[in-house]
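S.K.: Structure for the following, please:
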Amino acid sequence: MLKYILEQKGIYLDKLADINLLLTNIESYIKLSYDPVNSYFRQGGSYYSTQFQWATSTPFSVDCQTWLMSVINPLLIDQWFGFGASQNIWRTTKILGGYNCNYQATGYCEGVGFTNNNVERVFSGEWTLGAINMLRIFAAEYSNPSFLTEATFMRDHIETQLVVNDNIAGVPVTGVLYANKRYYIPFGWWANRVLSTASTGWTALVDRNYNLFYLGGAYRVNY
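M.R.: Residues are numbered from 1 along each chain as shown. You can find the predicted model right below:
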């Protein structure tokens, strides 16, 4: 975004070399984060002295797939890791982190949780809406409207299961719950069944067809 703005306005052009270096290094890190055995992007790792090591026991993270593929073109990911890689990552995400999925019939899930979800069955408002955003980008990049159908399916289930009426400081409000239940997220915080600025804000973006990862809000990736 920053590179595009500076180029369009013709300002601070001496900074483009630094920005390009940052972009190259971020892209390199993202490539290295991909786990070809498990078909997903790893959540992170740690430095030991001066050496970085990918964590072998770090839990699978849903938004490390959906947000990443909303920013990095899924077609580019396919070039990096083979035809269909992006869609395989999404299938893996649903298998590991999906909520109420029908793998045999439609392949759709009502939503997603935060991490491995086979036992806890957590429905995250915010991270499901992030997946909807990604699916709309998939639809545009692959010219495949079936991804829009899947996105609509998930949005409908947010409406029926996570949208609630409540009262805040005496003011009646309608919003979206952070999650369907209280649950300790293994990345360091708790999910609670409470109205959420994150989930409600994401819903406003999705319902206005606005992709916050792209300047102007289009469901695109490249400028």
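S.K.: And residue 74, how far from residue 223?
M.R.: Between residue 74 and residue 223 the computed distance is 16 Å (C-beta to C-beta, to the nearest Å). C-beta here means a position set from N, CA and C on the backbone, and glycine is covered the same way.
S.K.: Name the residue in the two with the higher neighbour count.
M.R.: Ranked by neighbour count (other C-beta atoms under 10 Å), residue 74 and residue 223 place residue 74 first, with 23 against 12.
S.K.: right, and the more buried one touches residue 141 too?
M.R.: Yes - using C-beta atoms under 8 Å, residue 74 is in contact with residue 141, at 5.5 Å.
S.K.: and for those two, which residues touch both?
M.R.: By C-beta atoms under 8 Å, 6 or more residues apart in numbering, residue 74 and residue 141 have these common neighbours: residue 221.
S.K.: Next, the contact list for residue 141, please.
M.R.: 73, 74, 75, 221.
S.K.: now swap in residue 178 and tell me
M.R.: So residue 178 contacts 124, 125, 126, 191, 192, 193, 194, 195, 196, 198, 199 (C-beta under 8 Å, 6+ apart).
S.K.: where exactly do the strands run in the protein?
M.R.: 34-35, 40-41, 45-48, 51-54, 98-102, 108-112, 163-168, 171-176, 183-185, 189-191 (DSSP state E).
S.K.: what helices or strands is the first one leaning on?
M.R.: By that I understand strand 34-35. strand 40-41 (3 or more C-beta pairs under 8 Å, 6 or more residues apart in numbering; DSSP states H and E).
S.K.: again, but for the fourth one
M.R.: Here strand 51-54 is seen to pack against strand 45-48 when contacts are counted using 3+ C-beta pairs under 8 Å, 6+ apart.
S.K.: Tell me the gap between the strand it packs on and the middle of its chain.
M.R.: Put simply, strand 45-48 sits 24 Å off its chain's centre (C-alpha atoms, centre = their mean, to the nearest Å).
S.K.: Who are the contact partners of the spatially most distant residue from the centre of the chain?
M.R.: Largest separation from the mean C-alpha position in the chain: residue 170, at 34.0 Å (C-alpha atoms, centre = their mean). Neighbour list for residue 170: empty [criterion: C-beta under 8 Å, 6+ apart].
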